[in-house]
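Chemist: this is the structure alone, sequence omitted:
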């Protein structure tokens with residue numbers, strides 16, 4: 001394990017697994033090692049790993065270790081030789097202590113899955129600060145749009161969104177992104193995404209990104225009329241200040257948005273006589 005994870009790291013990430021003895025941690029240690037290796041390849045990449053190793057106490061390394069612990073525990077918790085009691089996971093050794101109900105275990109797992117999504121978002125935001133990471137293939141796979149799980153509550157109206165809410169949001173989210181790419185251009189959407197993921201947003205694109213996210217959130221919530229109102233606001237904002245939105249102004253999408261309607265006059269070779 002290149003980034004070492006201690007019992008304290010594990011219990012900080014998964015408080016419900018805290019215990020005086022290290023039974024849970026010891027039973028998962030080798031799996032934590034394997035999860036760390038996998039997530040280093042799937043999320044950090046070479047540049048992210050170098051940054052995390054350089055500052056082992058920095059936010060990037062701390063959040064990565066938390067994600068490793070959460071991911072491992074969620075995957076293995078139901079197979080551990082322990083039970084969930086009223087105070088957390090541990091070995092039931094007294095007659096007056098009963099394991100928690102299945103509903104309680106399910107609820108704990110659901111909360112941990114939410115925490116895993118939140119931690120992943122925070123980790124990605126830290127990776128945006130790592131020079132060069134935004135150009136990597138990993139970034140393009142992990143962050144295909146300017147929307148994140150953590151925005152579901154404020155912009156899609158989903159209170160305390162669960163993992164299944166994020167999964168259900170993927171189809172309308174990608175549909176919204178494709179609409180924006182068609183009408184604002186791939187080039188402009190890639191520009192905003194690249195600037196965001198490299199922590200280099202211009203003031204103008206920062207303003208627009210909030211509106212793009214609002215459009216996506218409304219699409220996720222099914223408020224299509226509201227989404228189109230936001231879209232018109234986006235277009236108006238850009239076209240009032242094309243000097244700062246040159247990527248859009250020079251795009252094919254801009255030309256398509258300004259096509260003049262065909263004028264049916266007698267001078268035109270394709271004149272249509274209407275009697």
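Modeler: Sure, I can see it. Bear in mind the structure is a predicted one, so any value in this text is a computation, not a measurement.

Chemist: what residues does residue 44 make contact with?
Modeler: 52, 64, 127, 138 (CB atoms under 8 Å, 6 or more residues apart in numbering). For every residue, glycine as well, the C-beta is placed using N, CA and C.

Chemist: and if you look at residue 39?
Modeler: 64, 67-68, 71.

Chemist: how about a cut-off of 10 Å?
Modeler: 3, 64-65, 67-68, 71-72, 120, 123 (CB atoms under 10 Å, 6 or more residues apart in numbering).

Chemist: per-residue confidence averaged over the helix or strand hosting it?
Modeler: Under the criterion of DSSP states H and E, residue 39 resides in helix 23-39. The average pLDDT for helix 23-39 rounds to 90.

Chemist: one more: stretch 137-147?
Modeler: 96.

Chemist: can you tell me the distance between the two ends of stretch 181-190?
Modeler: By CA to CA, to the nearest Å, the extent of stretch 181-190 from end to end equals 9 Å.

Chemist: longest helix in this protein, please.
Modeler: helix 102-127 (DSSP state H).

Chemist: can you state the direction angle for that helix and helix 23-39?
Modeler: Interaxial angle, helix 102-127 versus helix 23-39 (axes from the mean of the first three to the mean of the last three CA atoms, to 10 degrees): 40 degrees.

Chemist: all helices for this protein, in order.
Modeler: Assigned by DSSP H, the chain shows helices spanning 7-13, 23-39, 45-54, 59-76, 102-127, 137-142, 152-156, 163-184, 186-197, 203-221, 224-239, 246-249, 252-257.

Chemist: got any ranges where the protein has weak pLDDT?
Modeler: Applying pLDDT under 70 to the chain flags the ranges 1, 19-21, 80-101, 260-275.

Chemist: can we see that at 80?
Modeler: For the chain, applying pLDDT under 80 flags the ranges 1-2, 17-24, 78-105, 259-275.

Chemist: any chance of the contacts of residue 44 in CSV, plus distance to residue 37 and neighbour count?
Modeler: Shown next, in CSV, are the contacts of residue 44 (distance: CB to CB, whole Å; neighbours: other CB atoms under 10 Å):
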residue, distance to residue 37, neighbour count
52, 13, 25
64, 12, 27
127, 18, 27
138, 15, 19
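
Chemist: now distance to residue 207 too, for the residues you listed, in TSV please.
Modeler: Shown next, in TSV, are the contacts of residue 44 (distance: CB to CB, whole Å):
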residue	distance to residue 207
52	32
64	32
127	24
138	28
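
Chemist: which one of the residues you listed is nearest residue 116?
Modeler: Comparing the contacts of residue 44 against residue 116 with CB to CB places residue 64 closest, at 12.5 Å.

Chemist: excluding sequence neighbours, find me the nearest residue to that closest one.
Modeler: Closest residue in space to residue 64, ignoring its immediate chain neighbours: residue 52 at 5.6 Å, by CB to CB, 6 or more residues apart in numbering.

Chemist: and what of residue 123?
Modeler: residue 63 (4.3 Å).

Chemist: pretty sure that neighbour sits against residue 129.
Modeler: No - the pair residue 63 / residue 129 is not scored as a contact, 11.9 Å apart, by CB atoms under 10 Å.

Chemist: between those two, point out the one with more neighbours.
Modeler: residue 63 (21 against 14; other CB atoms under 10 Å).

Chemist: so the more buried one versus residue 110, what's the distance?
Modeler: According to CB to CB, to the nearest Å, residue 63 and residue 110 sit 21 Å apart.
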